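Asker: sharing a model prediction with you, sequence too.
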Amino acid sequence: MMERAIVDCREARDLLLEVVSGATPPDLRRALAQHLERCERCRHEAAALEETAALLRSAAEPSLRDGHWDTFMAGLDRRLQAERRRPLARLVRWIRTPLHAWSTAAAMAALVVALMFALVGGQAPARVDSPVVQGVPIQGFMTDSIVDALPAMNASLSVWKAGFGAIDVPYDAAGGD
Amino acid sequence: MGRAEAKPPTGEKRHLKQMSSRAEDLALVEAFKRGEESAFTALVIKYREAVFRVARRMLHSHEDASDVAQEVFIRVHRALPRFAGRSQLRTWLFRITVNLCLDFSGRRSRDVLTGLKELMWEPSPHDNPVELSERRELGGVIAGAIDALPARQRAMVVLRVYQDLPYADIGRIMGCAEGTVKATMFAAFGKLRRSLAPYVTGASPAGE
């Protein structure tokens, strides 16, 4: 493996902070050390940065109170229990589990297909734009008064189709053209 | 034996340790996805200290840090079924932690630095009173210097100096490029050197 070499102070100073502030790959450390042997200014800078980093690290981790983690785990458990009791959260979590997610997706797809069949292609009665235009009485919905009125409505439609100025439109009770 | 354990791991050992830790994390995540709640508890026990320490360094409050750390694990519990393992679990956890701390800091007014010195330095039964007093003072100064940094700089310093994370991981956590992390860290260290100048015997602050 090729060793990395530092060529200028700028690159060295970029690395300095990385090296003094935490773990760094050994090849970077070696390359920086080689540069520092030659460059007094960077050495001076490195010393100052190292001192600052050491000072920051000297602020040791605060000691935890007795029973800290027991209290923490009990609190977390309470919050998780509360979360689990929320039905919507339970449902969401159940759905988000990959195994359930697939079955949920399959069930949803089946539901959508069933709905589409029911609304479009199923056993629903054929749509009729108008009983007059089609000439097909919709038996189930027809009352006698509607049936009586149909010829007159048909005749009116003939007039509208021909335009109100037409004089040769037959207008009889049968409503035929 | 104690001395040997105290030595920091070499690069190769550290890498092996990280690989093994990552494999363990993935196994626990898979177990959790299969419905084993104990796998989640194992993850909490593994990472609770790191998460809490980052939150405490950022928020300077034991209670707030505890609250945020619990919230981190609640969110992890919610989102873990969708965790695909593309990023490291540790990086993901720290990202949630830092984001929650940044939100928390944003909501909290800057003047609430309650008991800062006490929070950074708690007495150990082995400390003698004079040493303890000096350490309390220095700890307070360091905490104050870190707290005076802008929130994102503070997060990066905490992750680098106290969690020893590589710049690349910090970039992933903070959602920025590695170069941005370097530049931000450089600016942060410049400020820290100025703030801590009376305690540092070295050269003039960086960047000057």
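Answerer: Good, I have the coordinates.
Asker: where does the nearest residue to A:Ile95 once chain neighbours are set aside land in three-state SS?
Answerer: Spatial nearest neighbour of A:Ile95, chain neighbours left out: A:Thr104 (5.0 Å); criterion: Cβ to Cβ, 6 or more residues apart in numbering or on different chains. Where you see a C-beta, it was placed from the backbone N, CA and C, and this is true even at glycine. Here A:Thr104 is recorded as helix under DSSP: H, G, I helix; E, B strand; the rest coil.
Asker: now do the residue positioned nearest the centre of chain B against B:Gln153, distance only.
Answerer: By Cα atoms, centre = their mean, chain B has its centre lying nearest to B:Val54, at 2.8 Å. As judged by Cβ to Cβ, to the nearest Å, B:Val54 and B:Gln153 stand 14 Å apart.
Asker: contact partners for A:Leu16?
Answerer: A:32, A:42, A:45-46, A:49 (Cβ atoms under 8 Å, 6 or more residues apart in numbering or on different chains).
Asker: give me the element it is part of.
Answerer: helix A:9-21 (DSSP states H and E).
Asker: buried sites along that helix?
Answerer: A:12-21 (16 or more other Cβ atoms under 10 Å in any protein chain shown).
Asker: intersect the contacts of A:Leu16 with the contacts of chain B.
Answerer: A:45, A:49 (Cβ under 8 Å from any Cβ of the partner chain).
Asker: narrow the contacts of A:Leu16 to those in helices?
Answerer: Under the assignment DSSP state H, these contribute A:32, A:42, A:45-46, A:49 to helices.
Asker: top of the residues you listed by neighbour count?
Answerer: Within the ones in helices among the contacts of A:Leu16, neighbour counts (other Cβ atoms under 10 Å in any protein chain shown) peak at A:Leu49, which reaches 26 neighbours.
Asker: right, and that residue touches B:Phe189 too?
Answerer: Yes: using Cβ atoms under 8 Å, A:Leu49 is in contact with B:Phe189, at 6.6 Å.
Asker: count of neighbours near the residue nearest to A:Ile95?
Answerer: By other Cβ under 10 Å, neighbour count at A:Thr104 equals 15.
Asker: alpha carbons of stretch A:45-64, as PDB, please.
Answerer: Written as PDB, here are the backbone C-alpha positions of stretch A:45-64 (Å, rounded to 0.1, in the frame of the first residue of the first chain):
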ATOM      1  CA  GLU A  45       0.100  24.900  15.500                       C
ATOM      2  CA  ALA A  46      -0.100  21.200  16.300                       C
ATOM      3  CA  ALA A  47       1.000  21.700  19.900                       C
ATOM      4  CA  ALA A  48      -1.700  24.400  20.400                       C
ATOM      5  CA  LEU A  49      -4.400  22.400  18.800                       C
ATOM      6  CA  GLU A  50      -3.400  19.300  20.800                       C
ATOM      7  CA  GLU A  51      -3.500  21.200  24.000                       C
ATOM      8  CA  THR A  52      -7.000  22.500  23.300                       C
ATOM      9  CA  ALA A  53      -8.200  19.000  22.400                       C
ATOM     10  CA  ALA A  54      -6.600  17.600  25.600                       C
ATOM     11  CA  LEU A  55      -8.300  20.300  27.600                       C
ATOM     12  CA  LEU A  56     -11.700  19.500  26.200                       C
ATOM     13  CA  ARG A  57     -11.100  15.800  26.900                       C
ATOM     14  CA  SER A  58     -10.100  16.600  30.400                       C
ATOM     15  CA  ALA A  59     -13.800  17.500  31.100                       C
ATOM     16  CA  ALA A  60     -14.400  13.900  32.000                       C
ATOM     17  CA  GLU A  61     -17.700  12.200  31.500                       C
ATOM     18  CA  PRO A  62     -19.900  13.200  34.500                       C
ATOM     19  CA  SER A  63     -20.600  10.300  36.800                       C
ATOM     20  CA  LEU A  64     -24.100   9.100  36.800                       C
END
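Asker: and that stretch, which residues are buried?
Answerer: A:45-53, A:55-56, A:59, A:62, A:64.
Asker: look up phi and psi at A:Leu64.
Answerer: phi -90, psi 150 (degrees, to the nearest 10).
Asker: kindly report the same for B:Phe40.
Answerer: phi -70, psi -40.
Asker: what helix or strand is the residue nearest to it when sequence neighbours are not counted on?
Answerer: Among residues not flanking B:Phe40 along the chain, B:Phe32 sits closest, at 5.0 Å (Cβ to Cβ, 6+ apart). Per DSSP H and E: B:Phe32 is located in helix B:11-33.
Asker: what is the rounded mean pLDDT of that helix?
Answerer: Helix B:11-33 carries an average pLDDT of 83.
Asker: any idea how far the residue in chain A that chain B sits nearest to lies from A:Cys42?
Answerer: Nearest residue of chain A to chain B (Cβ to the nearest Cβ) works out as A:Ala48 at 3.1 Å. Counting by Cβ to Cβ, the gap between A:Ala48 and A:Cys42 amounts to 11 Å.
Asker: also A:Ser58?
Answerer: 24 Å.
Asker: over to A:Val147?
Answerer: 104 Å.
Asker: so which helix or strand takes in the closest residue to the residue nearest to the centre of chain B other than its chain neighbours?
Answerer: Spatial nearest neighbour of B:Val54, chain neighbours left out: B:Thr97 (5.2 Å); criterion: Cβ to Cβ, 6+ apart. Here B:Thr97 is covered by helix B:89-107, with elements defined by DSSP H and E.
Asker: relative to the whole chain's centre, how far out is that helix?
Answerer: 10 Å (Cα atoms, centre = their mean, to the nearest Å).
Asker: residues contacting it, please?
Answerer: With Cβ under 8 Å, 6+ apart, helix B:89-107 has contacts from B:21-22, B:25-26, B:29, B:43, B:47, B:50-51, B:54-55, B:58-59, B:64, B:68-69, B:71-72, B:75-76, B:83, B:151-152, B:155, B:159, B:163, B:165, B:169, B:172-175.
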